[in-house]
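Enquirer: here are the coordinates; sequence isn't available:
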């Protein structure tokens, strides 16, 4: 039978060394469990299988672990995907001083502003409209309805 998602956990982690055997090996302090999410996706008439593995310092049962993983990916898909696709965050070359943190705050504020209207426009379109239309930008900033077709 087709089962799209299955979670399993292992609490026996003593086989992993608490201290790295060499300076280059990863250090995993407070490791309490390993987890695996196995997914099956139907695409073009065939079933694709994927396994993702996780390390955790929390000792969770499989159901709670699965919920935590889903919550993580909801954040990833809701925020980071928007940052990458709508704001081209991966192309930003600001890397020193307070600049990266300051711009992250500005981008998060901008995301909240372009998400606020409940109209037919996509986030990308709202961002572009705000750039091209000062009245639309003002409406976003004031949280008032605007007609983006007016200039």
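Expert: Nice, thanks for sending it over. Not measured: the values here are computed from a predicted model.

Enquirer: what's in contact with stretch 27-39?
Expert: Stretch 27-39 is contacted from outside by 4-11, 13, 16, 18-20, 49-60, 62, 65-66, 69, using CB atoms under 8 Å, 6 or more residues apart in numbering. Where C-beta positions appear, they are placed from N, C-alpha and C, glycine not excepted.

Enquirer: could you rerun that using 6 Å?
Expert: 5-11, 13, 20, 50-59, 65, 69 (CB atoms under 6 Å, 6 or more residues apart in numbering).

Enquirer: ditto for stretch 59-77
Expert: Defining contact as CB under 6 Å, 6+ apart, one finds that stretch 59-77 is touched by 7, 8, 9, 32, 33, 35, 37.

Enquirer: and the fourth one, how far from residue 56?
Expert: According to CB to CB, to the nearest Å, residue 32 stands 6 Å off from residue 56.

Enquirer: so between the two, which is more surrounded?
Expert: For the pair residue 32 and residue 56, the greater number of neighbours falls to residue 56 (18 against 13), based on other CB atoms under 10 Å.

Enquirer: which of the contacts of stretch 27-39 count as buried?
Expert: For those, a burial check counting by 16 or more other CB atoms under 10 Å picks out 7, 9, 54, 56, 65, 69.

Enquirer: tell me the bridge partners for the nearest residue to the third one once chain neighbours are set aside.
Expert: So the one you mean is residue 54. Nearest residue to residue 54 in three dimensions, chain neighbours excluded: residue 35, at 4.4 Å (CB to CB, 6 or more residues apart in numbering). On the basis of DSSP bridges, residue 35 is bridged to residue 9, residue 54.

Enquirer: and for residue 35, the neighbour number?
Expert: The number of residues packed near residue 35 is 21, by other CB under 10 Å.
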